[in-house]
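Colleague: below is the sequence, then the predicted model.
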Amino acid sequence: MNPVRPTFDSPWRRLQSRRDVLKLGASIALSGVVSPLIAACGGPSNGTGASGGPASSDPILVLAGSGADPNTAPALKKVYDDFAAQNPGVEWDIRLLPGGGPEWDRRARAAVASGEDVGLVLINGQQVRGWVRDGLLADLGADSQMSTVLGRVPEQYHLSGPGEASVRAFPLAITGGVHTTGIYYNKALLDAAGLEPPRTFADLRAAVQPLSALGAAPLIHCSGDVIFNQMLITWVLPMIAERTGNPVQFAERTVRGEIRYDSPEWIEAFETIADLGASGVLLEGSAATDYPTMQQLVLQGKAAMTYNGSWLLPELLAGSPTVDFDLHVAPPPVLEGADRPRPILAWTGIGLPAEAVASRDSVYAFLEYASQPEVDKAVVEGIQAYSPISESNVAIENEVAQEFLPMFEDAITPLDWLWEPEITAELDAQVQALVRGDADPASVGSAVEAVAQELRASGRSYYP
């Protein structure tokens, strides 16, 4: 296999403690928390640049996360630098806000609230709805100057706010690319057990005995890092919901209160997850296994497979297996009655602040430039991360990374991006209890529904 170049950290890997979450309400001064600015400037401050974009008299401020810092990736820095070189007078002030997750959210909100002229925010898709609810993101779909750029990015990557059909954020290769999910498997271990990669949950259950004879379990999940437990929901619930309709619409109806979190569909999802542990599919101790330990158990042959995202690939390839190891990836196994798997689409994307202090002409021109097919493809080639523009992905080199590409065809917005963060936190804790065997599906549904009702009663739901 060709070595894969490291890709950017995924939001699934940036773990936050309960203390981090509680600090969300604290105020913060922005000074002293950013990386040195990236400046690429020259020429007069007036006039029109070579690429057709107006020159800027002040640096364009970009709020980036740890997954999209051009300081760490020459292929990204080149796009910003090349645009500035073609547009005399354009300068960049690209600030890396450390911490990721809630910490990035807190710092970015502070920058916008301070009145600074923020040109772009590189925002995790999971945070978009909260920003829209609080009036912080511009409506890109209603902006005629964004039509060309949005036309280059497939609609499945256009993310909206609660109850709307417009576009608030979208990814490009320049934002660090996009991710999806699948089943990583050690083909050498499956071959030794006489097994093929599982296509269904029945296949997973049938693999318990053959792998047990070799001292392994079919699957390991890092439920000890609770933020990964929402992934189990986004694996099984879309397939259940799609039997009778659209899974994204199902999630929306649940947030609106039209479907309860203890409905038959949700209970079946909780039962499916509980059965992974009860049937022996999940390695014993998964409820206490963290993300690094999960990787080691796969490399040691204690589990033949793990369900996770494409962001995990560089780490598994860089690991040191202690058994015969032939890494591959397959689509997530499907439930009985489901027509297809529904991997997730996870990404950091581009958003514009709702209020612009100065002209956005240079920002529009930059996005038009960065979304051009040849520029987008060059970034993919440089950072080896998937682009939402599928034609760019011919530049993906690693053979295992290429196995992820067909999964993007059936992938959808993660359902956990649609409900409130309080619901996500409750689901993470409750699913961990399911995996541990300390909760039953009915009680889990009731606990999550109670949180939803409290959100609506207090006016903090997306749909009060």
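Modeller: Nice, I can see it.
Colleague: just the strands from this protein, written as ranges.
Modeller: With DSSP state E as the criterion, the chain has strands at 60-64, 92-96, 118-124, 178-179, 181-186, 217-220, 303-309, 327-330, 346-351.
Colleague: need those in JSON lines (columns: mean neighbour count and distance to A378).
Modeller: Glycine gets a C-beta too; all of them are placed from N, C-alpha and C. Supplementary listing: the strands of the chain in JSON lines, determined by neighbours: other Cβ atoms under 10 Å; distance: least, Cβ to Cβ, whole Å:
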{"stretch": "strand 60-64", "mean neighbour count": "24", "distance to A378": "19"}
{"stretch": "strand 92-96", "mean neighbour count": "23", "distance to A378": "18"}
{"stretch": "strand 118-124", "mean neighbour count": "25", "distance to A378": "19"}
{"stretch": "strand 178-179", "mean neighbour count": "26", "distance to A378": "17"}
{"stretch": "strand 181-186", "mean neighbour count": "25", "distance to A378": "26"}
{"stretch": "strand 217-220", "mean neighbour count": "27", "distance to A378": "37"}
{"stretch": "strand 303-309", "mean neighbour count": "26", "distance to A378": "24"}
{"stretch": "strand 327-330", "mean neighbour count": "20", "distance to A378": "25"}
{"stretch": "strand 346-351", "mean neighbour count": "27", "distance to A378": "18"}
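Colleague: tell me which of those lies nearest to D139.
Modeller: Nearest to D139, of all those, is strand 346-351, at 10.6 Å by Cβ to Cβ.
Colleague: that older thread, mind putting the strands of the chain into TSV with mean pLDDT and distance to V153?
Modeller: Listed next are those as TSV, based on pLDDT from 0 to 100; distance: least, Cβ to Cβ, whole Å:
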stretch	mean pLDDT	distance to V153
strand 60-64	94	19
strand 92-96	93	21
strand 118-124	94	15
strand 178-179	97	10
strand 181-186	98	20
strand 217-220	98	34
strand 303-309	98	20
strand 327-330	98	25
strand 346-351	95	9
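Colleague: can you put these in TSV and add distance to V444?
Modeller: Shown next, in TSV, are the strands of the chain (distance: least, Cβ to Cβ, whole Å):
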stretch	distance to V444
strand 60-64	37
strand 92-96	38
strand 118-124	26
strand 178-179	27
strand 181-186	22
strand 217-220	20
strand 303-309	19
strand 327-330	28
strand 346-351	24
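Colleague: ok, and the closest non-adjacent residue to the residue nearest the centre of the chain?
Modeller: Per Cα atoms, centre = their mean, the C-alpha nearest to the average position across the chain is that of A346, at 2.6 Å. For A346, ignoring the flanking residues on the chain, the nearest one in space by Cβ to Cβ, 6 or more residues apart in numbering is H179 at 4.4 Å.
Colleague: list the contacts for that neighbour?
Modeller: S10, G309, S310, W311, I344, L345, A346, W347, Y386 (Cβ atoms under 8 Å, 6 or more residues apart in numbering).
Colleague: same check, this time on Y463
Modeller: P162, G163, V255, R256, G257, R456.
Colleague: which one is the first one nearest to, not counting chain neighbours?
Modeller: With sequence-adjacent residues excluded and distances taken as Cβ to Cβ, 6+ apart, P162 is closest to Y462, at 4.0 Å.
Colleague: filter the contacts of Y463 down to just the ones in helices.
Modeller: V255, R256, R456 (DSSP state H).
Colleague: quick one: stretch 100-107 to chain centroid distance?
Modeller: 15 Å (Cα atoms, centre = their mean, to the nearest Å).
Colleague: export it to CSV, keeping only CA atoms.
Modeller: Taking C-alpha atoms only, stretch 100-107 is exported to CSV below (Å, rounded to 0.1, in the frame of the first residue of the first chain):
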residue,chain,number,x,y,z
GLY,A,100,-11.7,22.6,18.8
GLY,A,101,-15.3,21.8,19.6
PRO,A,102,-16.9,24.0,22.3
GLU,A,103,-13.7,25.8,22.8
TRP,A,104,-13.4,26.9,19.2
ASP,A,105,-17.1,27.8,19.3
ARG,A,106,-16.6,30.1,22.3
ARG,A,107,-13.6,31.9,20.9
